[in-house]
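>>> sequence? don't have it. structure:
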């Protein structure tokens, strides 16, 4: 039983080497390579899927951030607009008040001017009237010669005292 | 559902397993009405020039196989083994009934003495090896073709998946883990060895025609396999491996002047494949012997009355089922062990890649 038979050794060697040769070329490497390739493919696909999911997550976060920022901006814009509006109103009011005051001051100035002018005219009128009246009076008194001289003197004195 | 069916098929096959020895042994009681256990056992476990299928009413049904011998006088001869059946002599050749060459073809030389010619007859085991090789080629080249014809991400069916599972289990768990870097070079050999042994083991358990031959229980078969492993280990072993053998890392007085450790290491180069050869042979041979012996119980007790025979038949069938299941397990385990140890030895022959494994001696 323990002595190997030459014929069987021969056929075993032949069969085994043929099987080994054929399977080493066309059998096992194809199978193992395919399975390994498929493993790699699956791993890569999983990684890609994970990456995609992560990216999606990022996009979501980004969009949320953008939305948030937009809301913030909106709020701030509205706030600013409101503040601006108030300021504008305030300015307008102030300006209106100032304008009014200016107008009033101008009017007052004009009134003053008119008043002075009117007073001047009245003074001139009064002087004219006074001269007229004085002429008329003088006309009557100068008929008397003595009196005329006295009056001129008096007048001169008066003028001196005035100046 | 599937498991149930499979178990049914399995036990059906096992029941069939019992039919074969039944048929074979029905006409085999000798003149003294005794059952010649040893003869039948050796007939079933050893090689033969024909493939005896069964005997019905003293009529042998066998497949006669080609005999190819080198005659000292006439050169190469090829003829059917039918001419040698029943102790006949043909072209100066006969099958020795006694002596050193019992059961082998012998011729008579000039001196009239029996001599053993160069004999490369296609015996039962040789034919079984060829059939099993053909099955193996069909299986794996078929599966490889399936992959080759489809895109990389194609989903294989059940059959291809099953083959792939077996292949990748050995590839990942045995070959890659034990060899590490550079395992690609050895993977085809180790995978071929594994499936060659597995298919031969399983075919050996199947009792009907293409199966039933005790191929992996034959020393020539296991010897060639072990030789291949030895070649794979020593041919591609690197410098560190040879240094481990001839100048191992031990105190100098163990190496000079008497090279105790180198001698032991060198001895190990041969004992490792020898152990592989004997382990596989012994396991498969023992399995065949046990199953046959259990079946023989029926025939041994057949003359002892109906009750005894019925009892022993039931007992024998139950035990045979268990033993066949066990042998199926052993068929896988032995193929696995052979491959794993081969991978370990190959891994050890490349110690630079496995600094931790240098000290491990298996």
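Received it, and whenever you're ready, just let me know what you need. In this text the structure is predicted, and so the values were computed from the model without any measurement.

>>> Would you mind identifying the next helix or strand past the lengthiest helix in chain A?
Using DSSP state H, we find that the single longest helix of chain A is helix A:28-141. Next in sequence after helix A:28-141, counting helices and strands by DSSP states H and E, comes helix A:145-162.

>>> now that following helix against helix A:28-141, angle please.
Computed by axes from the mean of the first three to the mean of the last three Cα atoms, to 10 degrees, the angle separating helix A:145-162 from helix A:28-141 equals 150 degrees.

>>> list the buried ones in helix A:145-162?
Neighbour-count burial for helix A:145-162 flags no residue at all (criterion: 16 or more other Cβ atoms under 10 Å in any protein chain shown). Where you see a C-beta, it was placed from the backbone N, CA and C, and this is true even at glycine.

>>> which secondary structure elements does the helix or strand of chain A with the lowest mean pLDDT contact?
Across the helices and strands of chain A, mean confidence by mean pLDDT, DSSP states H and E is lowest for helix A:145-162: a mean of 77. Secondary-structure packing of helix A:145-162 (3 or more Cβ pairs under 8 Å, 6 or more residues apart in numbering or on different chains; DSSP states H and E): helix A:28-141.

>>> is the helix it packs on up against chain B anywhere?
Yes - on the criterion Cβ under 8 Å from any Cβ of the partner chain, helix A:28-141 is in touch with chain B at A:28-32, A:34-35, A:37-38, A:41.

>>> Could you give the average pLDDT over that helix?
The pLDDT scores in helix A:28-141 average 91.

>>> Can you tell me how far the residue nearest to the spatial centre of chain A is from chain B?
By Cα atoms, centre = their mean, the mean C-alpha position of chain A lies nearest to residue A:80, the distance being 7.6 Å. Distance from residue A:80 to chain B, counting by Cβ to the nearest Cβ, to the nearest Å: 58 Å.

>>> rewinding a little: check the residues of helix A:28-141 next to chain B for burial and list the buried ones.
Applying 16+ other Cβ under 10 Å to those flags A:28-32, A:34-35, A:38 as buried.

>>> just checking, what packs against the lengthiest helix in chain B?
Using DSSP H, we find that the single longest helix of chain B is helix B:306-348. If contacts are counted by 3+ Cβ pairs under 8 Å, 6+ apart, helix B:306-348 sits against helix B:2-25, helix B:177-179, helix B:187-205, helix B:219-235, helix B:260-300.

>>> Return the list of helices and strands in contact with the shortest one.
Using 3+ Cβ pairs under 8 Å, 6+ apart as the contact criterion, the elements in contact with helix B:177-179 are helix B:306-348.

>>> pLDDT of the helix it packs on, averaged?
Computed over helix B:306-348, the average pLDDT equals 90.

>>> I'd like the distance from that helix to the chain centre, please.
13 Å (Cα atoms, centre = their mean, to the nearest Å).

>>> Next, the angle helix B:219-235 makes with that helix.
Going by the same axes, to 10 degrees, helix B:306-348 makes 20 degrees with helix B:219-235.

>>> hmm, who's touching stretch A:131-144?
A:147-148, A:151 (Cβ atoms under 8 Å, 6 or more residues apart in numbering or on different chains).

>>> err, stretch B:134-142, not the other one
Applying Cβ under 8 Å, 6+ apart, the set of residues contacting stretch B:134-142 is A:19, A:22-23, A:26-28, A:31, B:163, B:167, B:195-196, B:199, B:203.

>>> Turn these into TSV, including distance to residue B:54.
Formatted as TSV, those follow (distance: Cβ to Cβ, whole Å):
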residue	distance to residue B:54
A:19	30
A:22	34
A:23	34
A:26	38
A:27	35
A:28	38
A:31	39
B:163	33
B:167	36
B:195	30
B:196	28
B:199	24
B:203	18
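
>>> Report the secondary structure state of residue B:112.
coil (DSSP: H, G, I helix; E, B strand; the rest coil).

>>> Repeat that for residue B:60.
Residue B:60 - assigned by three-state DSSP - is strand.

>>> re the thing from before, what is the nearest of the contacts of stretch B:134-142 to residue A:84?
residue A:31 (77.4 Å; Cβ to Cβ).

>>> hmm, back to that, can you name the two of the residues of helix A:28-141 next to chain B that are farthest apart?
Among these, A:28 and A:41 lie farthest apart (Cβ to Cβ), at 19.7 Å.

>>> what stretches of chain B score poorly on pLDDT?
B:1-4, B:8-28, B:30-32, B:352-362 (pLDDT under 70).
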